[in-house]
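S.K.: Take this sequence and fold it.
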Amino acid sequence: MAEQRRDVWITGIGIVSCLGEGPEAHWHRLNEAKPSADTQTFAPCVVHPIVAIDFDKQIPKKGDQRQMEPWQRIGTYAAGLALESAGAKGNAELAGRMDMIIAAGGGERDVAVDSAVLSGLPKAADRDSFLNERLMSDLRPTLFLAQLSNLLAGNISIVHGVTGSSRTFMGEESAGVDAVRIALARIQAGQSDITLVGGAHNGERKDLLMLYESGGYLLKDEFRPVWERAPRGGGFALASLGAFLVLESREHALARGANPVARLSAVLADSSKRRPGDVTGTLERLWGKLAGANPIDEAHAAVISGATGAEPATSEERKFLAAHPGLPVRATGTHIGHGLEPQFSMNIALAAVAAKHGKLFAPADGSGVERKMSGSLRQAVVTGVGHWRGEGLALVEAVD
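M.R.: Reported below is the predicted structural model:
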């Protein structure tokens, strides 16, 4: 007889975005239902900049801060908030056996150096020698190492003492889904008792804007809610955000006196070939697996959508949602933008906060996709549909 899977609780949440810092700040701003974004700094691109952060509160050593890129500082800070929320910060014994799974992109470019190299290269008599000299003299000694995605895990270990097993996944939105999926599976199977999982993203970068604009993925000229973007081509607004969760088995949490925010009951992932209709079909298959193992009470359930706004993926997710009209929907990208790797962790965190409050935050679009929820919230299905590849669903439930 197969051994029963352990319950997994979310006992810590560390989130920071354009809405503020921490669960309650996010809850308050979400219920204001007045989303906005920066349309000027990187015009014509729309961006959701992160709030001002006093990094000293979670990264006390200035030397540690200086050797981190912005996305690493954001992530290390958010990880500290999650540990604090879970009552685990400063507990060396607990941190020493805590596992860690990170979803991360590549390191940040030094735009000034890139610009100087590209400007000087056409004029150089010996281009190979010029390039070698510039790379040797202009780059910081740590810049190459800063390109390594697993440096976020390393910085969290150094600053917060989390030194259990460590895994870092790359692969945009899919990396975020798989990070949480594997963290959950390991705890359910008894391979881990407690795990710190999440990631960070700095969307205020000209190099990233150029990268995603080359694919035609960016929202430009004016801010519009996610569901209202398709008629004019769609697109996502890059976000700077950090999101970490502390997941642990119910037994482990009870033994150390930790209280749950919510239960993480399931995470499913897939990667369709993205032919027309594939996203809708994949989400329906994932929904069948999710609901088959976890009955959904539509009177007390909602969908927290990670729709990016990019097309055609967002319209295909909308078709999937239309097949489940009993469930009210909220697209968090309207409020916080799109942060790629940590977006799924962020949306699970926001779903957990809503489940803890027992109600859904206010709708914030004029398309008719989002509507008020009359009943109490007990279950939240989180969707994660990548702008280019990768689909996922998670189920977050209230804990009595």
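
S.K.: Give the rounded mean pLDDT of the helix or strand containing residue 254.
M.R.: Assigning secondary structure by DSSP states H and E places residue 254 in helix 250-255. Mean pLDDT, helix 250-255: 98.

S.K.: Check stretch 331-347 too.
M.R.: Mean per-residue pLDDT for stretch 331-347: 98.

S.K.: can you pull the alpha-carbon coordinates of that stretch into PDB?
M.R.: C-alpha atoms of stretch 331-347 as PDB (Å, rounded to 0.1, in the frame of the first residue of the first chain):
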ATOM      1  CA  ALA A 331      -4.800  38.500 -12.900                       C
ATOM      2  CA  THR A 332      -2.000  39.600 -10.700                       C
ATOM      3  CA  GLY A 333       0.100  40.900 -13.700                       C
ATOM      4  CA  THR A 334      -2.300  43.900 -13.800                       C
ATOM      5  CA  HIS A 335      -1.000  44.900 -10.400                       C
ATOM      6  CA  ILE A 336       2.600  43.800 -10.200                       C
ATOM      7  CA  GLY A 337       3.700  43.300 -13.800                       C
ATOM      8  CA  HIS A 338       5.600  40.200 -14.900                       C
ATOM      9  CA  GLY A 339       8.700  38.900 -13.300                       C
ATOM     10  CA  LEU A 340       9.200  35.700 -15.200                       C
ATOM     11  CA  GLU A 341      11.100  33.200 -12.900                       C
ATOM     12  CA  PRO A 342       9.700  34.300  -9.500                       C
ATOM     13  CA  GLN A 343       6.200  35.100 -10.800                       C
ATOM     14  CA  PHE A 344       4.700  31.700  -9.900                       C
ATOM     15  CA  SER A 345       6.100  31.900  -6.300                       C
ATOM     16  CA  MET A 346       4.700  35.400  -6.000                       C
ATOM     17  CA  ASN A 347       1.200  34.300  -7.200                       C
END
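
S.K.: Tell me which residues of that stretch come out buried.
M.R.: Judged by neighbour count (16 or more other C-beta atoms under 10 Å), stretch 331-347 contains these buried residues: 331-347. Heads up, the C-betas are built off the backbone N, CA and C, glycines and all.

S.K.: Which ones among the residues you listed lie within helices?
M.R.: Under the assignment DSSP state H, the buried residues of stretch 331-347 contribute 333, 334, 335, 336, 343, 344, 345, 346, 347 to helices.

S.K.: any idea how far residue 369 is from the closest residue to the first one other than its chain neighbours?
M.R.: Right, residue 333. Nearest residue to residue 333 in three dimensions, chain neighbours excluded: residue 226, at 4.7 Å (C-beta to C-beta, 6 or more residues apart in numbering). Separation of residue 226 from residue 369 (C-beta to C-beta, to the nearest Å) stands at 9 Å.

S.K.: shared neighbours, those two?
M.R.: The contact sets of residue 226 and residue 369 overlap at residue 331 (C-beta atoms under 8 Å, 6 or more residues apart in numbering).

S.K.: out of the two, which sits in the more crowded spot?
M.R.: Counted by other C-beta atoms under 10 Å, residue 226 and residue 369 do not tie: residue 226 has more neighbours, with 34 against 20.

S.K.: Now do the contacts for the more buried one.
M.R.: Residue 226 neighbours (C-beta under 8 Å, 6+ apart): 305, 307, 308, 309, 314, 331, 333, 334, 365.

S.K.: Backbone torsions only: list them for the first one.
M.R.: Note on residue 305: its backbone torsions stand at phi -90, psi 140 [degrees, to the nearest 10].

S.K.: Rank the helices and strands of the protein by mean pLDDT and give me the bottom one.
M.R.: When each helix and strand of the chain is scored by mean pLDDT, DSSP states H and E, helix 143-146 comes last, with a mean of 51.

S.K.: number of nearby residues for residue 77?
M.R.: Neighbours of residue 77 under the rule other C-beta under 10 Å: 27.

S.K.: quick check, it in a strand?
M.R.: No: counting by DSSP: H, G, I helix; E, B strand; the rest coil, one finds residue 77 to be helix, located in no strand.

S.K.: just to revisit the earlier point, name the residues that touch whichever helix or strand comes after the least confident helix or strand of the chain?
M.R.: On the C-terminal side of helix 143-146, the closest following helix or strand by DSSP H and E is helix 151-160. Here helix 151-160 makes contact (C-beta under 8 Å, 6+ apart) with 58-59, 61, 64, 68, 71-72, 75-76, 79-80, 83, 89, 95, 100, 102, 104, 107, 145, 162-163, 166-168, 196, 199-200.

S.K.: Could you do stretch 60-75 as well?
M.R.: The contact list for stretch 60-75 (C-beta under 8 Å, 6+ apart) reads 16, 50, 53, 55, 59, 76, 102, 104-105, 107-108, 142, 146, 151-152, 155-156, 158-159, 198-202, 204, 240-242, 244, 342.
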